[in-house]
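In: the amino acid sequence is not available; the structure is as follows:
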Ligand SMILES: [Zn+2]
């Protein structure tokens, strides 16, 4: 995909295009911003622009052997590193170092994309730092992260950071309409998926499935009623959530719900709810009071942060929900 097709990220897109056109792409770029807003696509588009010998206006042509190899994930001078079991380990950085120690096969550089760069463990981050400290004009790095505050400051300081923003509702609808998964889906359902997405394409695609919206509604309802419920309800919810594949959505929904409840408790006027149809539940939950709500949010953020270090999610959710249900 060419950079010009990257929707909803105008500033980043213009900046990348100008870097390519002027031949001034820094050795290490770091794309930060929420999940599902185009960081990965932008990285691949940038790679295409960098490797294409028939580049036009800062974009790869999409037709030459290099562009085609890239599209088929066979381009030999690109390596993509991503977490294995939630961590990027030192062995992976050693492989990367080995990869860049050889001259490029077809292009003028070797390119490394590191997905979820905040999941580099300590050893791996230090090893990567060493590599970043020895600039090599034949190597480019593109790091991607939605939690860049977890990266070592020394790694951050070696990268040029570009900020991606949440996608607007109309942009989400526009992108959704181009997806195979959305074929035959009514406009109203596209808009509903966009409304639930909180600006993330990944979540929008998840919410294209009406059953997923129902699941989420039900989950919000059970969560919001926890203060009136028993320990058993808290344990049951923890059990269920610890087994879901949709953790990212779960945390997003909980964060959004608590955000709204805190604003409500603080009597912020003209509160527009993050997601539709929540107002009654938010108002009810806000009755817990500002301080308890802030403390609940703290605990939620702590669980989310600890996900990177293989916590026992069921126990963490149990403690979290019980605190809300019975004040433990
Ligand atoms: Zn090309």
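Out: Received, thanks. These figures come from a predicted structure and were not determined experimentally. Residues are numbered from 1 along each chain as shown.

In: near the ion, which residues of this protein?
Out: Applying C-beta under 5 Å from the ion, one finds that the chain approaches the ion through 52, 54, 60-61, 64, 67. In this view, the C-beta of every residue, glycine as well, is placed from N, C-alpha and C.

In: got any ranges where this protein has weak pLDDT?
Out: Of all residues in the chain, those with pLDDT under 70 make up the ranges 269-277, 308, 328.

In: how about the strands in it?
Out: 28-32, 78-81, 110-114, 139-145, 160-163 (DSSP state E).

In: would you turn the ones you listed into CSV with distance to residue 42?
Out: Formatted as CSV, those follow (distance: least, C-beta to C-beta, whole Å):
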stretch, distance to residue 42
strand 28-32, 6
strand 78-81, 14
strand 110-114, 11
strand 139-145, 9
strand 160-163, 8
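
In: dump the ones you listed into JSON lines; add mean neighbour count as well.
Out: Listed next are the strands of the chain as JSON lines, based on neighbours: other C-beta atoms under 10 Å:
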{"stretch": "strand 28-32", "mean neighbour count": "23"}
{"stretch": "strand 78-81", "mean neighbour count": "20"}
{"stretch": "strand 110-114", "mean neighbour count": "24"}
{"stretch": "strand 139-145", "mean neighbour count": "24"}
{"stretch": "strand 160-163", "mean neighbour count": "15"}
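
In: let's see if you can find the most crowded of the residues of the chain next to the ion.
Out: The most crowded member of the residues of the chain next to the ion, judged by other C-beta atoms under 10 Å, is residue 60 (27 neighbours).

In: so it versus residue 181, what's the distance?
Out: 25 Å (C-beta to C-beta, to the nearest Å).

In: coming back round to it: relative to residue 210, which of the strands of the chain is closest?
Out: Of all these, it is strand 139-145 that lies closest to residue 210, at 30.8 Å by C-beta to C-beta.

In: between the closest one and strand 110-114, how big is the angle?
Out: Put simply, strand 139-145 runs at 10 degrees to strand 110-114, going by axes from the mean of the first three to the mean of the last three C-alpha atoms, to 10 degrees.

In: for the stretch 101-250 of the chain, what spans make up the helices?
Out: 122-132, 153-156, 169-177, 187-197, 201-206, 210-224, 231-242, 247-265 (DSSP state H, counting those that start in this stretch).

In: pick the most buried one from those helices.
Out: helix 201-206 (a mean of 22; mean count of other C-beta atoms under 10 Å).

In: most remote residue from the middle of the chain, which is it?
Out: Relative to the C-alpha centroid of the chain, counting by C-alpha atoms, centre = their mean, residue 230 is the outermost residue, at 34.3 Å.

In: now do the closest residue to that residue other than its chain neighbours against the ion, distance only.
Out: Spatial nearest neighbour of residue 230, excluding adjacent residues (C-beta to C-beta, 6 or more residues apart in numbering): residue 325 at 6.6 Å. Separation of residue 325 from the ion (C-beta to the ion, to the nearest Å) stands at 58 Å.

In: which residues does the residue lying closest to residue 244 once chain neighbours are set aside contact?
Out: The shortest distance from residue 244 to any non-neighbouring residue, by C-beta to C-beta, 6+ apart, is to residue 250 (6.3 Å). Applying C-beta atoms under 8 Å, 6 or more residues apart in numbering to residue 250 gives the contacts 219, 241, 244.

In: nearest to residue 40 among these?
Out: Once C-beta to C-beta is applied, the member of these that ends up nearest residue 40 is residue 244, at 22.9 Å.

In: quick one, phi psi at that closest one?
Out: phi -80, psi 150 (degrees, to the nearest 10).

In: that one: neighbour count?
Out: Counted by other C-beta under 10 Å, the residues lying close to residue 244 total 13.

In: and the gap between it and residue 286?
Out: Residue 244 is 26 Å from residue 286, by C-beta to C-beta.

In: residue contacts, residue 100?
Out: Each residue near residue 100 by C-beta under 8 Å, 6+ apart is listed here: 110, 112, 131, 136, 138-139.

In: dump these to JSON lines, plus distance to residue 122.
Out: JSON lines is the format used below for the contacts of residue 100 (distance: C-beta to C-beta, whole Å):
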{"residue": "110", "distance to residue 122": "25"}
{"residue": "112", "distance to residue 122": "20"}
{"residue": "131", "distance to residue 122": "15"}
{"residue": "136", "distance to residue 122": "24"}
{"residue": "138", "distance to residue 122": "28"}
{"residue": "139", "distance to residue 122": "23"}
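
In: farthest-separated two in the residues you listed?
Out: 131 and 138 (12.9 Å).

In: residue of the stretch 151-300 of the chain closest to the ion, please.
Out: For the stretch 151-300 of the chain and the ion, the shortest gap (C-beta to the ion) falls at residue 178, measuring 21.8 Å.

In: neighbours of that residue, how many?
Out: Neighbourhood size, residue 178 [other C-beta under 10 Å]: 9.

In: and for residue 35?
Out: 21.

In: do the one 10 residues further on as well
Out: With neighbours defined by other C-beta under 10 Å, the count for residue 45 comes to 24.

In: distance of the residue of the stretch 101-250 of the chain found nearest the ion relative to residue 55?
Out: Per C-beta to the ion, residue 107 is where the stretch 101-250 of the chain lies closest to the ion, at 10.9 Å. According to C-beta to C-beta, residue 107 and residue 55 sit 12 Å apart.
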